[in-house]
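Asker: After the sequence you'll find the predicted model.
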Amino acid sequence: MARAGGERAETGSPEPRRKIPSLDALLRSEPGRRAAATFGRPLLKHALTAVLAEVRAAVARGVPPPEDDELLAVAVALASSTSGGLTEVINATGVVLHTGLGRAPLPEGAAEAAARAGRGYTDLEVDRSTGARGRRTNRAERLLLSLTGAEDALVVNNGAAALLLALATLARGKQVLVSRGELIEIGGEFRIPDILAASGAKLVEVGTTNRTRVADYRGALTERTALVLKVHPSNYRVVGFTAAPSASELAGVARHAGVPFIYDLGSGLLDRFPGVPAEEPSAVRALADGADLVVFSGDKLLGGPQAGIVLGRADLVARMRRHAIARAVRVDKMQVAALEHVLASWARGERDELPVWRMLREPAAEVRHRAELLAAALDGEVDGAQVVSCSAAVGGGSLPGEELASYGVEIRALDPTAMAARLRTGSPSVFCRVTEDGVLFDLRTVGGDELPDLVRAIRYALEGHDRLDA
């Protein structure tokens, strides 16, 4: 094939780089002009630049460059995935709070509230009765107070931001006592020591990885101690020869020293409920145990949008609200609207209306029924599709080690990894589990209304794909 910028250099040319077309030549070519009209010249140019850089690096390693049309196809695919924005996917992994797939799915009413807030003007920071300037999170914070009995509340962008703001406000330049067993990594390689360092606070490690006692905290107290911090290890468990002070014991240590006690709950369980493991702390219990501040995420067990929530003493929350970082980590109007709707559902006692709690509490028999429906829909097309029992997970750094009895449909395939890739890149996009023999679709995280689309996606992925029929 002729190059966009001229004839191809002959095979065996002493300068393989001459075989690579220029960026300008590709943009001027007819396929390039069509792609630029579809995606915009700036985006196509950016994609081509990235692709050409990879090709040059490959040529330097002795890899022949692709044809022009192949090169443009890769750039077009990159531009298409970028311009298309977020893609709705079917989560057949069985991980309820899947961080990579956006954690808690919002209830329909919350999504509609966010859409309404984004479409036009709202009374975000105006009191309609007086016309005076207000605070954008007033309504959400009042709902939180009614649900937890806290003195005051503050809503920011995410859980890490809530902790960062608390530390920067109360402990900058001073010491914070934390158990070595709680210096966790919270995802995306963000670690508790890094958050402390960013806040300007000085980390003081107490105890050991598996055993920390009240005496360890008392022995570490100095005149430079600003607060005591407890971090719930919400994404792992330490078992065996272990010991850790209770929240009430640490509250006593902090109270005796005259410093605040902050409890980072992480997963954000509001209150105790039947079926939730006893070791999972709740905001209401933490406050009752004497925590001066409690911080947690809004998009985990709360079942809401991404948000960071702070509950506790009014004087400490007021100081955080006045801190310069508070404006940098505030929520936008769509987050506020979705969070208000979710909290109102909690206030009405409609926890099971939230998708997260529906999935967590659904009886295994109902999940099995959906798996049987999926297998029946594929009957005659995939002889190897069979219903299997499996275990789902809460995920999202919540209820570590807690398995949920579930059912799925497994399809045997010669190349399970390739099959999973076809499912991810299909329309609709499906994320599933890869097993030794094939792919598994866990139906705990797939709703009944998604089954027709899932069947269609599986049929597409199977077209031309080698599989092992039983």
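Answerer: Good, I have the coordinates. Numbers count the residues shown, from 1 in each chain.
Asker: Quick check: the closest residue to Thr222 other than its chain neighbours vs Arg224, distance?
Answerer: Sequence neighbours aside, Gln175 is the residue nearest to Thr222 in space, at 6.5 Å (criterion: C-beta to C-beta, 6 or more residues apart in numbering). Backbone N, C-alpha and C define where each C-beta goes, glycine included. Going from Gln175 to Arg224 by C-beta to C-beta, to the nearest Å gives 5 Å.
Asker: More neighbours: which of those two?
Answerer: Between Gln175 and Arg224, counted using other C-beta atoms under 10 Å, Gln175 has the larger neighbour count: 20 against 11.
Asker: Is it correct that that one is in contact with Glu223?
Answerer: No - counting by C-beta atoms under 8 Å, Gln175 does not reach Glu223; the two are 9.4 Å apart.
Asker: Give me the domain ranges for this structure.
Answerer: 16-83, 89-99+358-462, 106-353 (automatic domain parsing).
Asker: would TSV of these with mean pLDDT be doable?
Answerer: Putting the domains of the chain into TSV (pLDDT from 0 to 100) gives the following:
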stretch	mean pLDDT
domain 16-83	90
domain 89-99+358-462	91
domain 106-353	92
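Asker: Go through stretch 106-114 and flag the buried ones.
Answerer: Leu106, Pro107, Ala110, Ala111, Ala113, Ala114 (16 or more other C-beta atoms under 10 Å).
Asker: And stretch 38-58, by the same measure?
Answerer: So, applying 16+ other C-beta under 10 Å, buried residues of stretch 38-58: Phe39, Leu43, Leu44, Lys45, His46, Ala47, Leu48, Val51, Leu52, Val55.
Asker: what's next to that stretch, contact-wise?
Answerer: Contacting residues not belonging to stretch 38-58 are listed as 17, 20, 23, 26-27, 32, 35-36, 65-66, 71-72, 74-76, 78-80, 82-83 [C-beta atoms under 8 Å, 6 or more residues apart in numbering].
Asker: all strands for the protein, in order.
Answerer: 89-91, 152-156, 175-179, 202-206, 225-231, 261-266, 293-297, 308-312, 386-393, 403-412, 429-431, 433-434, 438-442 (DSSP state E).
Asker: Turn these into CSV, columns for distance to Arg119.
Answerer: Listed next are these as CSV, based on distance: least, C-beta to C-beta, whole Å:
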stretch, distance to Arg119
strand 89-91, 24
strand 152-156, 22
strand 175-179, 43
strand 202-206, 45
strand 225-231, 39
strand 261-266, 33
strand 293-297, 27
strand 308-312, 26
strand 386-393, 36
strand 403-412, 37
strand 429-431, 26
strand 433-434, 38
strand 438-442, 35
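Asker: among those strands, which is the most enclosed?
Answerer: Across these, averaging neighbours per residue (mean count of other C-beta atoms under 10 Å) puts strand 293-297 on top, at a mean of 30.
Asker: Paired strands for that one, with orientation please.
Answerer: Strand 293-297 sits in its sheet next to strand 261-266 (parallel), strand 308-312 (antiparallel), going by DSSP bridges.
Asker: ranges for the helices of the stretch 1-150 of the chain?
Answerer: Secondary structure of the stretch 1-150 of the chain by DSSP state H, counting those that start in this stretch: the helices cover 23-28, 30-39, 41-60, 68-83, 108-119, 138-148.
Asker: First-to-last residue distance for stretch 209-217?
Answerer: Distance across stretch 209-217, first residue to last, is 14 Å (C-alpha to C-alpha, to the nearest Å).
Asker: Same check on stretch 273-284?
Answerer: Start-to-end, stretch 273-284 (C-alpha to C-alpha) is 12 Å.
Asker: go on, stretch 190-204?
Answerer: OK, stretch 190-204 end separation, C-alpha to C-alpha: 18 Å.
Asker: 28 is where my numbering starts, stick with that
Answerer: New numbering, starting at 28: the last item is stretch 217-231.
Asker: Quick one: residues contacting the nearest residue to Val409 once chain neighbours are set aside.
Answerer: Leaving out its chain neighbours, the residue that sits closest to Val409 by C-beta to C-beta, 6+ apart is Ile438, at 5.7 Å. Going by C-beta under 8 Å, 6+ apart, Ile438 touches Leu405, Val409, Gly411, Ala412, Met446, Gly465, Val466, Phe468, Ile485, Leu489, Arg494.
Asker: Quickly note the distance from the residue nearest to Thr249 to Val123.
Answerer: Taken as C-beta to C-beta, the span from Gln202 to Val123 is 38 Å.
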